[in-house]
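Visitor: how does the following fold in three dimensions:
(chains A and B, ligands or ions: 2)
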Amino acid sequence: MSSENMTLKLKIWRQKDSFEAGKMVDYTITGVSPDMSFLEMIDVLNDDLIRKGDDPVAFDHDCREGICGMCSMFINGEAHGPNRGVTTCQLHMRSFNDGDTIYIEPWRSQGFPVIKDLMVDRGAFDRIIQAGGFISVNTSGRTLDANAIPIAKEDADTAFDAATCIGCGACVATCPNSSAMLFVGAKVSQFALLPQGHPERKERVVNMVKQMDEEGFGNCSNIGACEVQCPKNISIEVIARMNREYFGALVKPEN
Amino acid sequence: MATPLFKSSIVKKLWMALTGLFLILFLVVHAGINAMIFFNDEGATFNQWAHFMGTNVLIRTAEIGLFIGFIVHIVDGLMLYFQNRKARPVRYARENAGVSSKWYSRSMALLGTLILLFLVLHMAHFWVKTRVTELSVDQKAVLIDGHLYENLYAEMDMVFQSPLVVVIYVLGCLALLYHLLHGFRSAFQTLGIGQHKYTGAIAVAGDAFSVIICALFASMPVAMYFDLIK
Ligand code: SF4
Ligand code: FES
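Guide: Residues are numbered from 1 along each chain as shown, chains lettered A, B, ... in the order given. Ligands and ions are numbered 1, 2, ... in the order given. Next up, the predicted model:
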């Protein structure tokens, strides 16, 4: 950890568009304050690149407070960098030392094609959600207040833990199989645990898993890297639950 | 192999888990019967059990199931390996995988292939000779309680006189150890028994099982090579 301004070597994946092949490009950045966030450090680099008339590094970001899940970056071989339970936007430069070399790459998966530089298309996650990650509620104006249904505390807590998934895709990026099962398991779990999710319970898990497989993600082999690198600390318990839900739906497809 | 039974990623892993657990059961039986060489009765008990396993109709039928179990486990495993490699067409320039998972969890296909290579040698040593051809040892049969039994014990003793063979067998057990360290707990996670209240106990049981079974197997060629049993 350093309190002085730092000079860093960056190796960043540059790729013009989804058609051309990309490559790692070296940059040196000086005057990096340890109080900067990782994204601010890239903002400074981009400022520099723009002044020089170069193409700035394209990267996704939105909230910059760890809730939107946009800031997908594979930093020094880890999804969202070296810290646990945080996204890239919550990573600060005090986690690095003067003179460090930092590798910055996009998520790598057949299901997440690179759009440009560090930006990937995570539309696959949207399509998985569209396949079943919802509950059908009649919004006629006489909708029942969800809080009016009594739910066991333990179930409510476990469902909430699963629902903290921000869909960032770090689980896919870090999985040696690039499997999306932690994400899908979290979404299946959050509904399976609550009464509102029960009417569509069986078709949901079958359809979401089918869509997941069609998107080109790999198969889970229970390596467990995803739960270590997930910024929301989602446990692979959700994958075990999804498996149970899936087997249940295979044995008895009707709700 | 895009039949419905192998199509869904969850069903593919279900097959891995079910066949894996079946093969674990086989390991228990195999190790249990082999451990009878430690009775120090010149293999009398072991030879009798080996005879039972080689002639009993139910056991021989189960043996066919065992072959099918092996084949499904191997084919499904290789299929998963190649599909998963394809799922990441561009690799990372830098990957720090060691901080978030165990090397053996990431190397199941490699470990499995090593075990398969070992199995070919192992079958040539014993299975082929007891089921298809005949033993290569001089005294092919032995009289126990008035009955003539195939002298598999003497065959083992002969095979394990070669230091190279003993080293290969110990390495085979080592590959099996790491394969089981991941495979045992992984099977339960796949079956959906992955809640926190069980995972601790399953992990401990799996690790203990893997170490005990592999140490027991490895001790057999070593004990025979050093003439520690009679
Ligand atoms: S499970 Fe975790 S790593 Fe995966 S998308 Fe959700 S928040 Fe991101
Ligand atoms: S920018 Fe929203 S989570 Fe990082």
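Visitor: neighbours around A:Thr7, how many?
Guide: 13 (other CB atoms under 10 Å in any protein chain shown). The C-beta positions use only the backbone N, C-alpha and C, and glycine is treated the same way.
Visitor: what does it show for phi and psi?
Guide: Main-chain torsions, A:Thr7, degrees, to the nearest 10: phi -110, psi 130.
Visitor: could you grab the helix/strand/coil label for the nearest residue to it once chain neighbours are set aside?
Guide: The shortest distance from A:Thr7 to any non-neighbouring residue, by CB to CB, 6 or more residues apart in numbering or on different chains, is to A:Thr30 (4.7 Å). Under DSSP: H, G, I helix; E, B strand; the rest coil, A:Thr30 falls in the strand class.
Visitor: hmm, A:Thr30 is touching A:Lys9, no?
Guide: No - if you go by CB atoms under 8 Å, A:Thr30 and A:Lys9 don't touch, sitting 10.7 Å apart.
Visitor: mind checking which of the two has more residues around it?
Guide: Higher neighbour count among A:Thr30 and A:Lys9: A:Lys9, with 13 against 10, using other CB under 10 Å.
Visitor: how far away is the residue lying farthest from the centre of chain A from A:Ser136?
Guide: What lies farthest from the middle of chain A is A:Arg142; by CA atoms, centre = their mean that is 35.4 Å. The span separating A:Arg142 from A:Ser136 equals 15 Å under the rule CB to CB, to the nearest Å.
Visitor: check B:Ser219 too.
Guide: According to CB to CB, B:Ser219 stands 61 Å off from A:Ser136.
Visitor: more crowded one of those two?
Guide: Neighbours were tallied for B:Ser219 and for A:Ser136 using other CB under 10 Å; the higher tally belongs to B:Ser219 (18 against 8).
Visitor: and the more buried one, what helix or strand is that in?
Guide: Using DSSP states H and E, B:Ser219 sits in helix B:196-225.
Visitor: and that helix, average pLDDT?
Guide: Summarised as a single mean, pLDDT over helix B:196-225 is 94.
Visitor: how does chain A divide into domains?
Guide: A:6-115, A:122-250 (automatic domain parsing).
Visitor: show me what from chain A comes close to ligand 1.
Guide: Proximity of chain A to ligand 1, by CB under 6 Å from any ligand atom, involves residues A:165-171, A:182-183, A:186, A:230-232, A:234.
Visitor: and these as a markdown table, adding pLDDT, secondary structure and neighbour count?
Guide: Putting the residues of chain A next to ligand 1 into a markdown table (pLDDT from 0 to 100; DSSP: H, G, I helix; E, B strand; the rest coil; neighbours: other CB atoms under 10 Å in any protein chain shown) gives the following:
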| residue | pLDDT | secondary structure | neighbour count |
| --- | --- | --- | --- |
| A:Cys165 | 98 | coil | 23 |
| A:Ile166 | 98 | coil | 20 |
| A:Gly167 | 97 | coil | 19 |
| A:Cys168 | 98 | coil | 26 |
| A:Gly169 | 98 | coil | 24 |
| A:Ala170 | 98 | helix | 29 |
| A:Cys171 | 98 | helix | 33 |
| A:Leu182 | 98 | helix | 29 |
| A:Phe183 | 98 | helix | 31 |
| A:Ala186 | 98 | helix | 27 |
| A:Cys230 | 98 | coil | 26 |
| A:Pro231 | 98 | coil | 27 |
| A:Lys232 | 98 | coil | 22 |
| A:Ile234 | 97 | coil | 24 |
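Visitor: can you give me the pLDDT of residue 144?
Guide: Assuming you mean chain A. pLDDT for A:Leu144: 79.
Visitor: oops, chain B please
Guide: For B:Ile144, pLDDT reads 88.
Visitor: neighbours of it, just the number please.
Guide: As a burial measure, B:Ile144 scores 17 neighbours (other CB under 10 Å).
Visitor: all strands of chain A, in order?
Guide: A:6-14, A:23-32, A:74-75, A:78-79, A:101-105, A:114-116, A:119-120 (DSSP state E).
Visitor: quick check: which of these is buried the most?
Guide: Comparing the strands of chain A by mean neighbour count (mean count of other CB atoms under 10 Å in any protein chain shown), strand A:78-79 comes out on top with a mean of 26.
Visitor: on that earlier part again, make a markdown table out of the strands of chain A and add mean pLDDT.
Guide: Listed next are those as a markdown table, based on pLDDT from 0 to 100:
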| stretch | mean pLDDT |
| --- | --- |
| strand A:6-14 | 98 |
| strand A:23-32 | 97 |
| strand A:74-75 | 98 |
| strand A:78-79 | 98 |
| strand A:101-105 | 98 |
| strand A:114-116 | 97 |
| strand A:119-120 | 98 |
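Visitor: could you pull up the residues touching residue 69?
Guide: I'll assume chain A. Contact partners of A:Gly69, counting by CB atoms under 8 Å, 6 or more residues apart in numbering or on different chains, are A:87, A:166-169.
Visitor: switch to chain B, that's the one I care about
Guide: So B:Gly69 contacts B:19, B:22-23, B:26 (CB under 8 Å, 6+ apart).
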